[in-house]
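Asks: From the sequence below, what's the structure:
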Amino acid sequence: MNTDSIPTPVVVAPTTRRRFLGMMGAAAVGVGALASCSNDSAKPRVASGGDDSPTAPAGPTSPGSSGSVSSSLAPTTVTSSTAAPAVTVPGTNRPPQFVMISFDGSGSTGLMNYWRNVSAETGAKFSFFISGVYLLTEANRKLYQPPRHSAGRSDIGNFTPGKDANGNPLDIQADMYELLKQWKAAHEEGHEIGTHFNGHFCGETDPTSVHNWTADDWRNEISQFNTLLTNVAENNGLPKIDLPFGPADIKGGRTPCLQGKLDDVLYPTLAELGWRYDSSHDAAEGVWPKKIAGIWSLPLHNIKLVGSNLTTFTMDYNFFAQQTYLATKSYTPKSTTDPAVADQYRQQTYDSYKRYFENAYYGTRAPMVIGHHFAKWNMSAYIDAITQVIRELAPMPEVHFVTKSTMCDWLDALTPDQLKAYRNEKFDRLVKA
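Replies: Next up is the predicted model:
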């Protein structure tokens, strides 16, 4: 597709990130059935919370299918490192091209296994942002006492087991224990564990939502996440497991619905707690990370939705919403059951991400920030698209798929003059063949 002929993108109203996702959340109250993958007992998901469903089926055996992870994704001899690369690409004056991919929620055993195997194949490293309410089963939900809400309240439910090949629910304790083992293995393989906080309370006008939380509310929420993580086995009657990470290792995450008073309230609180980054802001394509109140802001980018006159954040849920709007003129997300339509969505998502990459790789070299979820919307269109992107881009020279903490290591190694030069594109661009 010749993207040069695509009209200049415009942002569909509402134009701000929080209003956009907030409206999406209100419209998406009925999307729980989509996100819960046929779990009729699941509570409605709100905004990008539905994408966090822990009941997503096991990772695809091939793009768009379901079942066990394919042997074609079995671990290989790919060599990868969690160490930050050199400040400058050797022999040049330009920065490496970084790609950061994170997953909000991260509560599915099957999809944890899937993405670990994609990593083993490609060498890519990911950041998994755990939702704290997935550290509790429904029976134990009242151990979470959220700020401004009653005990046990969660807008994304709690941990729910996956299903076997016959569609029957797995044993809840066995599946939760397996998820803990998946997180443990991921961390040991060089992936990062971060947080998506807990109850996922969204909405700009709701005084109980994260958008209106104070510093004390955030401290409370983070403290509860830490306690739920520390006591996950005891709280749920599981065998003891020695996780190789704990509260001291949580250095960043993403807020529910990208909401909250980030700069003035949340970031000073995170800095006080010793965190390093947040990935809840948005920015124009090509904008580099910046420090705000001592916290690296690693923003999602607003990119062209190829083949349309719209833009989208670099997040699967926003592709889902914009593609729904183009098809129905409604912002109520609705997943297709037509394989041909799903493939069109996959291709459009892939093309948009590929254009995003080329603009950075041959241009700004701004670190790419992509946020996905453990969901199979539109017949796994977004899982398939980003898997294809990783497989194609990971082997390319000067490209590094890194965790957000590794990105911060690299940024912290720069002098102020180096970062300024990179932001101003004062380096020799790579010429496209």
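Asks: ok, the closest residue to Val389 other than its chain neighbours - contacts?
Replies: Leaving aside its sequence neighbours, Val389 sits nearest to Tyr353 (Cβ to Cβ, 6 or more residues apart in numbering; 5.0 Å). Placement of C-beta: from N, CA and C, glycine included. Residues in contact with Tyr353 (Cβ atoms under 8 Å, 6 or more residues apart in numbering) are 314, 370, 385-386, 389.
Asks: going on from the helix or strand harbouring Tyr353, what's the next piece of helix or strand?
Replies: Tyr353 belongs to helix 339-359 when elements are defined using DSSP states H and E. Reading on from helix 339-359 to the C-terminus, the next helix or strand found by DSSP H and E is strand 368-373.
Asks: which other helices and strands contact that following strand?
Replies: For strand 368-373, the contact count by 3 or more Cβ pairs under 8 Å, 6 or more residues apart in numbering; DSSP states H and E identifies strand 97-105, strand 300-304, helix 316-328, helix 339-359, helix 377-393 as packing neighbours.
Asks: Which neighbouring elements make contact with the shortest one?
Replies: With contacts defined as 3+ Cβ pairs under 8 Å, 6+ apart, the secondary structure elements packing on strand 300-304 are strand 282-284, strand 311-313, helix 339-359, strand 368-373.
Asks: run the last query once more with 6 Å
Replies: With contacts defined as 3 or more Cβ pairs under 6 Å, 6 or more residues apart in numbering; DSSP states H and E, the secondary structure elements packing on strand 300-304 are strand 282-284, strand 311-313.
Asks: possible to save those as CSV with mean neighbour count?
Replies: Output for the helices and strands packed on strand 300-304, formatted as CSV (neighbours: other Cβ atoms under 10 Å):
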stretch, mean neighbour count
strand 282-284, 17
strand 311-313, 24
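Asks: among those strands, which is nearest Asp155?
Replies: Using Cβ to Cβ as the measure, strand 311-313 is the one of the helices and strands packed on strand 300-304 that comes nearest Asp155, at 20.4 Å.
Asks: Who are the contact partners of Gly307?
Replies: For Gly307, the residues meeting the contact criterion (Cβ atoms under 6 Å, 6 or more residues apart in numbering) are Gln348.
Asks: Please shift the residue numbers so they start at 10 in all later answers.
Replies: Got it, the first residue is 10 from now on, which makes the last one we talked about Gly316.
Asks: circling back: between the contacts of Tyr362, which is closest to Thr131?
Replies: Comparing the contacts of Tyr362 against Thr131 with Cβ to Cβ places Val398 closest, at 10.2 Å.
Asks: What number of residues are in the vicinity of the closest one?
Replies: Residues within reach of Val398, counting by other Cβ atoms under 10 Å, total 23.
Asks: ok, now how distant is it from Tyr431?
Replies: Counting by Cβ to Cβ, to the nearest Å, the gap between Val398 and Tyr431 amounts to 23 Å.
Asks: Tyr276: what's it in contact with?
Replies: Taking Cβ under 6 Å, 6+ apart as the definition of contact, the neighbours of Tyr276 are 301-302, 304.
Asks: How about Gln356?
Replies: Counting by Cβ under 6 Å, 6+ apart, Gln356 touches no other residue.
Asks: ok, it to Tyr362 distance?
Replies: When distance is defined by Cβ to Cβ, Gln356 is 11 Å away from Tyr362.
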